[in-house]
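Colleague: With the sequence up front, the predicted model follows.
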Amino acid sequence: MALYDDMLNIAKKDSLPSDHPLWINALELKKLVERGGVPEAKSLLGAWARARKAYCEYTGVPLVDPVAIETGARLISFLKGIPNE
């Protein structure tokens, strides 16, 4: 399920007002993703970051997943071991 779907479900379930950051950021991200075509990277990443921040602030989920940090560190270590040609 997409981040914006999770956010919209929470906003509906908790009866949040339409001006709540969860609604605003979820709808902004959904609009970019579902409008068709390829969204500009800067716009998409910005909308995702704002949505993720609102989601994490409301739910208490860590903004940065510790597992993702560990996985990224392992990937970087692996890539450093590959000789450049």
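Modeller: It's in.

Colleague: Tell me which other helices or strands the top helix by length along the chain touches.
Modeller: Identified as the longest helix of the chain according to DSSP state H is helix 41-59. Other helices and strands packing on helix 41-59, by 3 or more CB pairs under 8 Å, 6 or more residues apart in numbering; DSSP states H and E, are helix 3-13, helix 21-34. C-beta coordinates here come from the backbone N, C-alpha and C atoms, glycine included.

Colleague: List the buried residues for the first one?
Modeller: Think helix 3-13. Using 16 or more other CB atoms under 10 Å as the test for burial, helix 3-13 gives Leu3, Tyr4, Asp6, Met7, Leu8, Ile10, Ala11.

Colleague: What lies in contact with that helix?
Modeller: With contact meaning CB atoms under 8 Å, 6 or more residues apart in numbering, helix 3-13 is reached by 16, 20, 22-23, 25-27, 29-30, 33, 48, 51-52, 54-55, 58-59.

Colleague: What's the ChimeraX line that selects buried ones from the residues you listed?
Modeller: Isolation of the buried members of the contacts of helix 3-13 (16+ other CB under 10 Å) is achieved in ChimeraX through the command below:
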select :16,20,22,23,25,26,27,29,30,48,51,52,54,55,58
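
Colleague: before we move on, the earlier item: give the rounded mean pLDDT of the following helix or strand past the longest helix of the chain.
Modeller: Tracing the chain C-terminally past helix 41-59 and defining elements by DSSP states H and E, one meets helix 66-80 next. Computed over helix 66-80, the mean pLDDT rounds to 76.

Colleague: Sketch out the low-pLDDT regions of the chain for me.
Modeller: By pLDDT under 70, the weakly predicted segments of the chain are 1, 85.

Colleague: returning to what we had before: the helices and strands packed on helix 41-59: which one's closest to Ser77?
Modeller: The closest of the helices and strands packed on helix 41-59 to Ser77 is helix 3-13. By CB to CB, the value is 28.6 Å.

Colleague: What's the end-to-end length of stretch 6-24?
Modeller: Using CA to CA, to the nearest Å, the end-to-end distance of stretch 6-24 comes to 13 Å.
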